[in-house]
Structures are given as structure tokens and as C-alpha cells.
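# A structural model of the following input is requested.
(chains A and B)
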There are 2 protein chains.
Amino acid sequence: MSTKTNSALSELGRRTSAPPISWLMRIKLERPKLVSLAAGFTDNDSLPLAGSRRLMNELLRDRALGQAALQYGSTAGDDALIERTAGRIAELDGAPAGQATGLSKRLVITHGSQQFLYLLTEALCDRGDIVLVEDPTYFVYLGIMQSRGLAGRGVRMNRDGIDLDHLEQVLESLRRSGELKRVKMLYLVSYYQNPTGRSTGFAVKRGAIELLRKYERAAGHPIYLLEDAAYRELRFAGEPAPSALSVGGVAERVIYSGTYSKPFATGVRVGFGVLPEALLEPVLRIKANHDFGTSHLIQQLVLKALESGEFVKNLKKVQARYRAKAGAMTAAIKEFFPSSVEWEKPEGGLNVWAGLPRSTNTGMKSGFFRRALEQDVLYVPGNLCYADDATRRKPSHEMRLSFGAAPEADIRRGIRRLGRVIGKN
Amino acid sequence: MSTKTNSALSELGRRTSAPPISWLMRIKLERPKLVSLAAGFTDNDSLPLAGSRRLMNELLRDRALGQAALQYGSTAGDDALIERTAGRIAELDGAPAGQATGLSKRLVITHGSQQFLYLLTEALCDRGDIVLVEDPTYFVYLGIMQSRGLAGRGVRMNRDGIDLDHLEQVLESLRRSGELKRVKMLYLVSYYQNPTGRSTGFAVKRGAIELLRKYERAAGHPIYLLEDAAYRELRFAGEPAPSALSVGGVAERVIYSGTYSKPFATGVRVGFGVLPEALLEPVLRIKANHDFGTSHLIQQLVLKALESGEFVKNLKKVQARYRAKAGAMTAAIKEFFPSSVEWEKPEGGLNVWAGLPRSTNTGMKSGFFRRALEQDVLYVPGNLCYADDATRRKPSHEMRLSFGAAPEADIRRGIRRLGRVIGKN
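This is a model prediction of the structure:
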């Protein structure tokens, strides 16, 4: 039989590269003594075991509820969960209940918010299209873009989100080069951003939408704002801005994604997205081809958790855990990192972003990364979080340090080890 | 704001049409008195409520197991579930345990086997590529093909699967027209096929692989056999053939998909696929972009069901239910349909396929379909199950009648009503 086995692959099949995180996870498995501050996993001790058991019992003891939970549902998702989710978003936005009604008509439940990001990107973007992203941004979304042959343009960040002046410069330069018609959306991770931990201010969201709108005529089509609110519920200090759904009169331009995975249980994989009306049907059609609809059992578990108050009860525990872990990490950073390292205290999320002096290369093939591995500590190299964008150099002096999965003692140990590597640098 | 909202859609987003089943499901919701023999839902009464409750309790009571179940897993799926699944396939194939070891290295767990079909098609097929399918075939797979811009070529069926002579004719004509290089695979629903209920004989599977192999040189790349075994466990009579995985020396050409949704619980959505080594990594990379991996909680539930014997115990109940329901349907057909209707007694699966005289059009816009609706009975028009293939006319005198979801009294009622419509024809 022929050995040219790969040549039957599609363009996408040939193009899609391995996610860097899989390599980082493999290293961890091979070296059990390693402290991983790279993991995307969440805190084990605050997972809702007892609560989920109680809710599953309630669900499966009731004949009608149990049968429905173990049967197929609809492609868009369970109606009651959609209503609850819309209500939860409205509540977080401090919006009147009326807003929830509007949202529920444009909401889809997915296998994690990652699936929503994939479906949406499939519905909007052809190969060669451009997505504007934060510099830096969520590297798993960069994986979707890489696989689907999309180009990225990075927009610089300030303390409260993207730099609107730079966004305008980028849009203007795309207009001048004739590339604006390839621009489909601006992707913002708006709460406790992965990787920087920063949140986007409301004025920045509104300003971004206005700028996108201004360039629509030249683009010849809508340019959407995709707000990824995956970390929104993982808040442990401060009061973040309402979502872009609260900006008046722009429902046809704002896409919003969120998840129950991180605030409730990552093993449950229930996420959601809110779409402009014009995009809802295309996304649902694609979702029907992917899987007909999200597992009804895990949807019903999340619904029960929301209805019973278990979700909010557990969320408080989750938030307290991450507050403590973030505190442990920042305290260790103060103790073990030299003052030349720049970092910010996060108010939520799972990560601290640290910038070394620009002369230090933290990339996967750097001496610094190798020395960190020798010290049995792992981080996500910052350059993985920047889109390929020929108009600027990728910074490579940063690190994403996650306090999500590691226990507090390991966090301190890991930061101390990293401090040693930085000191020797 | 501009109202040209749709123009930002991708080619795929614009192309993807609504699945016909969603329309059929909507009709059912609007007319509660309707007996639907069109539903893809499964039997409610044999869903494993008590068993799932017991297993969930065991799972979530154990701290280590429970934490693992509520945490992220790996992209390929849980190792133990992969091993069990490989073992189950080997067992069904009557193969030695050694085969299972080989399979587990090439296995991926997915959100239902539908997700596997999608991922695989993404990895293999570009727009304009050709998939060979049975005439008729599973119409949801035709939806994936439509969305992704693939062409279908139908291969005629006999009692024991596709007609190998016709397969050779189709391959030969594609070779002559220069289209063979676009042919990526042959898709067979090999057990109790949806829609015909027929199973593919082992000699047919082997013969098909040999034919595909013969045309590989002209194609310039491998042509795969994709065996969709979704209904394999829903056996209630007879002894079906082993899978194509049992054909010796062709591991690099056979793709196999299966599911726990139908034999255990459709609300749980755990499916799987076995791949040639060359395709495993591309599919895993794409799956990582879709959702990182299948919900760990539902994987652990299925694993527990397999380990504890609950899966097999419930499966016997499921098989007995469908045996009874299939019996109710065929008895009613004998009683109420005229002898001019052709049909076969199924030995498994969820469907009876019925052919009316060729002069009768059963399509969605036909008078026959409308009269059936007036009688409050719904079926899947047969022509929906044929690929768009310009080389032959689509037959439109057939019906897919499902005994999966409807209770036995409704099955009898539905067939009686249909009999009345046929009588008046």
C-alpha cells in the first residue's frame, strides 16, 4: 500500500499545527517533580463534588427531568438554561430584566466557550481574512486562527484594555492597504484577560465599537466586536465594567461568549454565546453539523446549579480560592523576583503576567526557558500569546504565570525557582 | 448602521443550509397530536436513570475520581475509556485482545460520533472534494457535505450493502473524467443502516477496500473507507459481520466511528473514532481547537457504566425495547399497508425503510406528504437520504419510518394513518 498517507489531508488538515500547550502538558507528565505555572487547568479543591452529586440525584430521581436529561435536546440548547444564562448576563451587567429577554433569543449553548469561538469563526471567516486581536491575546484562539488560515493584527494594550488610538491607526493602515474588506472582527478578552489579567473599561468597549463602525463603509460589511468574557465570574477584587452588550443600539454588532466551565467545573464543559440576529441561524446550522447540540445531561446539571443557588455558593468558594492563590503568587513574586521585573496584581482570572527586561528572551528555545526547566518550573512563554503580525516584532521577554491549578505551596516554590533563574540571568 | 448584515459571513457560513430534520422537529412541536415517525430521538423508557444515578454517586463520592471527572481531561479522551472502547470493539469483532491494544493507540473520544464525522471531514476534505456514499445514506452526513461544499456520488445498495460492481463503475467513471483525485473516501453506515436498516456483509467491506486500493494510484493519494457503526449495538436479531477493522493489513485505510449515545443515553453524547495513524494527529489538533476535549464528566459516567456492567445490562433492555417496537411497526405495516409497498424487517437500528410504487412522490412538497400531515403522521421523505449526484435521478418514492422515539401505540396509530394515505393514493 502506498506510504504517501498524508497527502489525502485537506488544506486545513495539513496546515493545523499542534497547540503549544500540548507540549507544555506533555513535559509536565514526563517530569512529575515539575511545578507547572503553565497549566490551563483549574483549582481541584474548589470543584463542586458534593453539590454536583446532590443535584445529579435530584435530576435523575425525577422521572420526567431525568428522561429529558438523558435524551437529546435541541441544537441551540435547553430553553430554561438559555433563559437563566441570559438572566445571569443581565444581572452581571446590572441591567433591567428586560435585557435578558432580548439576549435569550440570540443565545446558543455550546460545549465550552471554545466551541462557540470555533463555530463563530467558521461562520464569519474565510482563509485570508483578518481578525484584530489584543497584543498579547489568548493563545488558544490564535490556534483557531492558525488552523483556519486567518491573519492577525495586534492592537496594543493599556491598563484598561486596548489602546484606541492604536486601534484607529491599525484600521486606517488596513484601509489604505485595501485590506479592510478582509477584516471581520475585533477579538477582546475583556475580563482578567488571559494572559495579562487586565480588564477592558466600558469606555474602551464603546470607543472600539464606534471605531469599527466608522470603518464599516470602507470594509463593505459589518466588523464585529467579539467579547470573550470567559474569566468574568472569576473576580476577587474590584468592580469590572459592564459588557459590550450594555452599549446601547449595537446589538447587531456585538458578539459575547462566556462559560460555566471555569466558574463551576471544567469537566462539565458548558459554555455559551450571544449573537447578532443575522449570525444566529448560520451558527446554529453549523452547530447542528458539529454535534446536533450540547450534551443535555451536563446542561441540566448546570441549570440545576443555577436554580438551586449551588452555582453562586460554589462561585464564592472558587473566588476565595483564587484570591488566596493570586495573593500567594504576588507575595512570592515580591519576595523572589528582582524589581526589574514588571507585573500587575490581578483582580480576577487565573494569571499573572510578568515582563522581564527586554534583553531577556523567555521563548521555548531560549536558555532562560531551559534553565527554568532545569529548576523544575514551567511557565507559558509570552511570545506564544502574540499573533503573527508582520507589522511589528513579537515581544519575547514576558511570561504567563498561572495560579489556577497549582497548590499554594507549589506556587511559592515555583516562583522561588523562577526567581533564581532570573537572578542568574 | 448598515443593514447588509449577512455579507460578513464566510463562504461556509453563507452556504450551510438548514438541516431538514429541524423543520420536521418544528412541525412536531407545533402539532402535539402528530405522531412522528420522523424523529431521530430514542426510546425514553429504556434510558438508564437509576443506573446513571448510582454511578454518578459512586463517581462524585470518591474525592480523587470526582475531582478528575469535574476537571479538564486530555484532547484525545480519558485513557481508561479509550482502552475500554478499544476492548469493546475487539469484543464485538470477535477479535483477540491484542487487537484492542492496537486500536487504543488510534482512538479519539468525541462529543457524539457526529463530532467525529465532522472533525474527520474537516481533516480530509477541501471544497470540491468527493465522498462516495451509499444510495441512500444518513442524511445528517449529507448536511456536513453540503456545508463544506463537498460533492457526493451515490453507490447503489443490495441486501448486504453496496453493490461492488456499481462501486467499480463509479470509480472507473471518476478515473476517466479525471475526478478521482478529488475522491477522499467511501462512507458506509454499516450496521442497520440509517435509513434502510440493512447491514454490510464482511465480503463487501473487504471488496470495497480492495477496489478503493486499486484506484489509489490514479487518485494520487489514499482513498479511505469510513465505516460508521453508530447503530451496531442496537442489534435485536441475527449476527452481523465484523467491522472493516478486522480486514487484515488495512489499518492505514480504515476509519471507524461509533457511539455510546444510542446504546446508553443520547443526552450523554459520548462517541468515538478509530483512525489510521497518519490521520490521528491532524484530527486531534483540530479537536483541540474545537473544544480541547470531550466533557470529562460524561466520559467518566460512560466508563463507570462499562466497568460496572451497567452498560451491558441496560443495553439488553434497550435491545429488547427496540425488538418490540420494530415488531409493532412491522406488524402494523403488514396489517395496514397494501402489498405494493416494499419493505424489509430490520434486525437492528431504529428504522424501517418503505418503498411505494415509483409513481408516488413522498417528498416534502408532495401531495402525499401533505395528506400524511393532515392525518397527523410524519415520516422522513426518502429523497432527503440521497446525495446530490447529477449522474442519476434521486428516487422520491420512499419513506424512512422510525420506531425509536414513538411509544408502541403511537407506532401502530401512525402506520394505520399512513396506510390510509397510501390507500387513497
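
# how near is A:Arg232 to A:Thr196?
15 Å (C-beta to C-beta, to the nearest Å). Where you see a C-beta, it was placed from the backbone N, CA and C, and this is true even at glycine.

# just want to know which of those two has more residues nearby.
A:Thr196 (27 against 23; other C-beta atoms under 10 Å in any protein chain shown).

# surely that one meets A:Pro136?
Yes: assessed by C-beta atoms under 8 Å, A:Thr196 is found in contact with A:Pro136 at 6.5 Å.

# between the two, what contacts are shared?
Shared contacts of A:Thr196 and A:Pro136 (C-beta atoms under 8 Å, 6 or more residues apart in numbering or on different chains): A:Met157, A:Trp353.

# hey, where'd the strands end up in chain A?
All strands of chain A, identified by DSSP state E, fall at A:35-36, A:107-110, A:130-135, A:151-158, A:161-162, A:183-189, A:224-228, A:254-259, A:271-274, A:342-343, A:351-355, A:377-378, A:380-381, A:398-402.

# does any part of the fourth one sit near chain B?
No: applying C-beta under 8 Å from any C-beta of the partner chain, one finds that strand A:151-158 is not in contact with chain B, the shortest distance being 14.3 Å.

# next, the angle from that strand to strand A:183-189.
40 degrees (axes from the mean of the first three to the mean of the last three C-alpha atoms, to 10 degrees).

# pLDDT on strand A:151-158, on average?
Mean per-residue pLDDT for strand A:151-158: 98.

# parallel or antiparallel, list what pairs with it.
Paired strands of strand A:151-158, with direction, are strand A:130-135 (parallel), strand A:161-162 (antiparallel) (DSSP bridges).

# distance between the first one and the chain's centre?
Centroid separation between strand A:130-135 and its chain, computed with C-alpha atoms, centre = their mean, to the nearest Å, is 14 Å.

# the shortest one now?
Taking the mean C-alpha point of strand A:161-162 and that of its whole chain, the gap between them comes to 15 Å (C-alpha atoms, centre = their mean).

# ok, stretch A:401-416 next?
Chain-centre distance of stretch A:401-416: 21 Å, with C-alpha atoms, centre = their mean.

# quick one: the helices in the stretch 1-150 of chain A, in order.
A:11-15, A:20-30, A:49-61, A:63-69, A:79-92, A:97-104, A:112-124, A:139-147 (DSSP state H, counting those that start in this stretch).

# out of those helices, nearest to B:Ser295?
Taking C-beta to C-beta, helix A:112-124 is the member of those nearest to B:Ser295, at 8.2 Å.

# tell me the angle the closest one makes with strand A:224-228.
Going by the same axes, to 10 degrees, helix A:112-124 makes 170 degrees with strand A:224-228.

# output the lowest mean pLDDT helix or strand found in chain A.
helix A:20-30 (a mean of 77; mean pLDDT, DSSP states H and E).

# just the residues contacting that one, thanks.
A:34, A:36, A:38-40, A:139-140, A:364, A:373, A:378, A:380, A:384, B:74-75, B:288.

# between it and helix A:139-147, how many degrees?
120 degrees.

# dump helix A:20-30 to PDB, keeping only the CA atoms.
Presented in PDB, the C-alpha positions along helix A:20-30 are these (Å, rounded to 0.1, in the frame of the first residue of the first chain):
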ATOM      1  CA  PRO A  20       1.900  24.700  22.200                       C
ATOM      2  CA  ILE A  21       0.000  23.900  25.300                       C
ATOM      3  CA  SER A  22       0.000  20.200  24.400                       C
ATOM      4  CA  TRP A  23       3.800  20.200  24.500                       C
ATOM      5  CA  LEU A  24       3.800  22.000  27.800                       C
ATOM      6  CA  MET A  25       1.400  19.500  29.200                       C
ATOM      7  CA  ARG A  26       3.500  16.600  28.000                       C
ATOM      8  CA  ILE A  27       6.600  17.900  29.700                       C
ATOM      9  CA  LYS A  28       4.600  18.100  33.000                       C
ATOM     10  CA  LEU A  29       3.600  14.400  32.600                       C
ATOM     11  CA  GLU A  30       7.200  13.400  32.000                       C
END
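
# buried ones in that helix?
By 16 or more other C-beta atoms under 10 Å in any protein chain shown, the buried positions in helix A:20-30 come out as A:Pro20, A:Ile21, A:Leu24, A:Met25, A:Lys28.

# run a quick neighbour tally on the residue in the stretch 301-425 of chain A positioned nearest to chain B.
Closest to chain B within the stretch 301-425 of chain A is A:Leu301: 7.8 Å, counting by C-beta to the nearest C-beta. Neighbours of A:Leu301 under the rule other C-beta under 10 Å: 28.

# wait, it touches A:Val268, no?
Yes: in this structure, A:Leu301 is within contact of A:Val268 by C-beta under 8 Å, at 6.3 Å.

# what do these two both touch?
Jointly contacting A:Leu301 and A:Val268 under the rule C-beta under 8 Å, 6+ apart are B:Leu297.

# returning to what we had before: include mean neighbour count when you put the strands of chain A into a markdown table, please.
As requested, the strands of chain A are exported to a markdown table (neighbours: other C-beta atoms under 10 Å in any protein chain shown):
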| stretch | mean neighbour count |
| --- | --- |
| strand A:35-36 | 24 |
| strand A:107-110 | 27 |
| strand A:130-135 | 25 |
| strand A:151-158 | 20 |
| strand A:161-162 | 27 |
| strand A:183-189 | 26 |
| strand A:224-228 | 26 |
| strand A:254-259 | 24 |
| strand A:271-274 | 26 |
| strand A:342-343 | 16 |
| strand A:351-355 | 23 |
| strand A:377-378 | 24 |
| strand A:380-381 | 26 |
| strand A:398-402 | 26 |
